[in-house]
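In: my questions concern the predicted model and sequence given below.
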Number of protein chains: 2
Amino acid sequence: MRTGVSVEEARAIVLDAVSPLEAERVPAADGLGRVLAEPVVSSRTLPPADCSAMDGYAVRTADLAAAGPDAPVALSVAFEVPAGGHAGRALRPGEAARIFTGAPVPEGADSVVMQEHVEAGEGRARFRAAARRGDHVRPAGEDVRAGDRVLEPGALLGASQLGMLAALGRTQVAVRRRPRVAILSGGDELVEPDEPVDGGRIVSSNSYALAAQCREAGAEPTLLGIARDTAADLERRLRAGLHADVLVSSAGVSVGDHDHVRPVLEKLGCSLLFWGVTMKPGYPLVFGRFAGERGTLVFGLPGNPVSAMVTFELFVRPVLRKLAGFAALSRPTVAATLVERLTKAAGRTHFVRVTLARSGDTWRAMTTGNQSSGVLRSMVLANGLLEFPAEATELAAGAVVRVHVLDPEVFSA
Amino acid sequence: MRTGVSVEEARAIVLDAVSPLEAERVPAADGLGRVLAEPVVSSRTLPPADCSAMDGYAVRTADLAAAGPDAPVALSVAFEVPAGGHAGRALRPGEAARIFTGAPVPEGADSVVMQEHVEAGEGRARFRAAARRGDHVRPAGEDVRAGDRVLEPGALLGASQLGMLAALGRTQVAVRRRPRVAILSGGDELVEPDEPVDGGRIVSSNSYALAAQCREAGAEPTLLGIARDTAADLERRLRAGLHADVLVSSAGVSVGDHDHVRPVLEKLGCSLLFWGVTMKPGYPLVFGRFAGERGTLVFGLPGNPVSAMVTFELFVRPVLRKLAGFAALSRPTVAATLVERLTKAAGRTHFVRVTLARSGDTWRAMTTGNQSSGVLRSMVLANGLLEFPAEATELAAGAVVRVHVLDPEVFSA
């Protein structure tokens, strides 16, 4: 097992350990946000026939060749083609057909004139302009032809893709399965949110933040509860998490006497790939993998609330996105101007909680206060994580820095 | 009723018609993505007492004043304070206490020394450096003090906010209710996705695209099915949608003989506020409102798939976001360089389907092909809508244009 790996090394190791999950079929109506796992080839032509793009009159352009503002041409309105209907017969010379948006253009007609430009009455329609072939006619197959490959594997299913699937009559679709994540907290001091906190106990709030981070990443979290600081309880709960694709525990991974996680993981057959990432917050991160072709991945996150959330962002989230089939694995980053001076020792990459503010096309970043890894409040106030490179010791006020965007709403503000 | 309003006028009219919905209480665990409707004031202090930030030894700094690399000071390890435990008594001069991360620092101690820097054995601990007051001690209330206002109304509940609510023992939270949207399609040519399309019928795909757009906007869609082209069927189905906050119909709002929507809406007591927006696609948009303090809003969208989606994006989505309590109502926009020349007639704002590609901090926009409002495929390929201003007639290749971002994934790519 490697120790003290860099952020970049750790990211490469965790991403190298996974490939996208298998496909599953879901109702297309439940497909929003899922990643397509098959090509979608149309068995239909859309529109199925040449059809009218307007409410108006289908005509033969030859009949209107001589029409002009002072030389109206009158045609007899021979029949009507409603939307969803069919012309019973072809249009003959000297005839027009009343037609509605989406209705098939009758045989013989080659243009549609908008009704606003027609004087209609008593079975006849008068036209004061020539028509061009194809005007206001949507040709068959303008949108899709039978046999067209309209969606590719890897496509993210959004509203237009789901509209297209519906149009093609596809009520089910193969998508990548969502990763299942089992979340464990550990520590004798922890209680659930609805339990009393007398005697200095605190809530296992990490589990709830991590579950939300899983959902944001497109994964399905389950909570394994709170393991007490005994190897036996920890082992029992970790075993319960082995059904998951990814097991995330927080706390219990540093070097203290009460840290049972590492030995218990090894006893259960987990190979640890690294311990410790040269970053702050979040150094004591463990990553491992159970044996087998699709062995559960294990992230032992630090116990401090901010350390747990930041290491999740940087390492667990990209893994979940890769499992779920997404092309883009990381949060967006922006280049922002730092409004204050920051210093640190060389050796670890710092991820500094900041507020991003946009003015026009430029971004400003300011820290959200106390950066202690136990201070969740400065995470609550943050919408970005500033990356302060490992070997740098100072970022001057006015420096342009790289910020990982935690809250996509910032782009809309 | 006004006709032919500009995009800006239409947007002002629709947003002026709504204010955020009332609050409802939900389990905090279901709060992800919701907008807070109350301030959250802490009844707890976190951490509840001065506690250790490390596994190590709690000491009195005065005892170690003389310690140095060659002058170790030995203290007796008098007791242990586990995480979640309590010191039974105060630390006396000459004593150290074994302590674990998160455990309360015993009375008398004023510093914690990391165990890595301590030589421990046989009931004694040796220190080779002085300690500073407060080292590795997290003071009580470092994160939150009882009485602190930690979240403000209007906050979007993300992972860190939900972690904070859990830490405060808040298992329920007041959030803005999600808007309910009833979606209706209309047209004799339409069938559901699982029905046969013989005879030139097509699927009412708009309903499925619009339902997904509702979900993306944080609303709850229900489908009212397909109204046939009779006033009676339309009236029956529209009535069923009046329980919703917003009723969205597609098709049936132009000027054809088969357009029953407007008269039926007026018969049901809906005041129409405008008909027609000077844009393309999407001119024939109707907006109205039923009587009463919280009358259902009605959007009659055009029937073409792209017109329906684009008018939803521009007018329905901001309304749903405002109802749900969001601060930012619109999609993000970016300034992009257009890679091709575009022309149009003056008079209407065009929304052109484009693909955005990012290189570094610059964006390029290129059109996705056939811009007919019936061609859903060029919407499927688009991740942005280029706004081609109403009075402009040309955008040169290389021009910097404003693009509304439809797919936030583009920021991560």
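Out: Done, it's in.
In: can you map out the strands along the stretch 101-250 of chain A?
Out: Ranges of strands within the stretch 101-250 of chain A are A:111-114, A:118-121, A:124-127, A:137-138, A:149-151, A:172-176, A:180-186, A:190-191, A:202-203, A:220-227, A:246-250, based on DSSP state E, counting those that start in this stretch.
In: got the buried residues for the third one?
Out: It refers to strand A:124-127. Buried residues in strand A:124-127, counted by 16 or more other Cβ atoms under 10 Å in any protein chain shown: A:125, A:127. Every C-beta, even on glycine, is put in place using the N, C-alpha and C of the backbone.
In: one step back: can you redo the strands of the stretch 101-250 of chain A as TSV with distance to chain B?
Out: Formatted as TSV, the strands of the stretch 101-250 of chain A follow (distance: least, Cβ to the nearest Cβ, whole Å):
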stretch	distance to chain B
strand A:111-114	9
strand A:118-121	10
strand A:124-127	13
strand A:137-138	5
strand A:149-151	6
strand A:172-176	10
strand A:180-186	10
strand A:190-191	7
strand A:202-203	5
strand A:220-227	9
strand A:246-250	11
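In: could I get the ones you listed as JSON lines with mean pLDDT and distance to B:Leu247?
Out: As requested, the strands of the stretch 101-250 of chain A are arranged in JSON lines below (pLDDT from 0 to 100; distance: least, Cβ to Cβ, whole Å):
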{"stretch": "strand A:111-114", "mean pLDDT": "96", "distance to B:Leu247": "28"}
{"stretch": "strand A:118-121", "mean pLDDT": "92", "distance to B:Leu247": "33"}
{"stretch": "strand A:124-127", "mean pLDDT": "96", "distance to B:Leu247": "36"}
{"stretch": "strand A:137-138", "mean pLDDT": "94", "distance to B:Leu247": "28"}
{"stretch": "strand A:149-151", "mean pLDDT": "98", "distance to B:Leu247": "30"}
{"stretch": "strand A:172-176", "mean pLDDT": "98", "distance to B:Leu247": "28"}
{"stretch": "strand A:180-186", "mean pLDDT": "95", "distance to B:Leu247": "38"}
{"stretch": "strand A:190-191", "mean pLDDT": "91", "distance to B:Leu247": "47"}
{"stretch": "strand A:202-203", "mean pLDDT": "92", "distance to B:Leu247": "43"}
{"stretch": "strand A:220-227", "mean pLDDT": "96", "distance to B:Leu247": "33"}
{"stretch": "strand A:246-250", "mean pLDDT": "94", "distance to B:Leu247": "42"}
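In: do I have it right that A:Gly123 meets A:Val77?
Out: Yes. If you go by Cβ atoms under 8 Å, A:Gly123 and A:Val77 touch, sitting 5.6 Å apart.
In: more neighbours: which of the two?
Out: Just comparing A:Gly123 and A:Val77: by other Cβ atoms under 10 Å in any protein chain shown the higher neighbour count belongs to A:Val77, 18 against 8.
In: OK, contacts around the more buried one?
Out: Each residue near A:Val77 by Cβ atoms under 8 Å, 6 or more residues apart in numbering or on different chains is listed here: A:57, A:95-98, A:120, A:123-125.
In: could you identify the longest helix within chain A?
Out: Longest helix of chain A, by residue count under DSSP state H: helix A:205-216.
In: show me how far that helix is from its chain's centre.
Out: Helix A:205-216 has its C-alpha centroid displaced from the chain centroid by 17 Å (Cα atoms, centre = their mean, to the nearest Å).
In: got a list of what A:Ala328 touches?
Out: Going by Cβ under 8 Å, 6+ apart, A:Ala328 touches A:321, B:409, B:412-413.
In: run the last query once more with 10 Å
Out: Contact analysis of A:Ala328 by Cβ atoms under 10 Å, 6 or more residues apart in numbering or on different chains lists A:156, A:318, A:321, B:409-413.
In: quick one, phi/psi of A:Pro305?
Out: A:Pro305 adopts backbone torsions of phi -60, psi -40, taken as degrees, to the nearest 10.
In: low pLDDT regions in the stretch 251-400 of chain A?
Out: Residues of the stretch 251-400 of chain A meeting the criterion pLDDT under 70: A:252-259, A:293-294.
In: can you pull out the helices in it?
Out: Taking DSSP state H, counting those that start in this stretch, the helices of the stretch 251-400 of chain A run over residues A:261-267, A:305-311, A:317-324, A:377-380.
In: okay then, goodbye and thanks.
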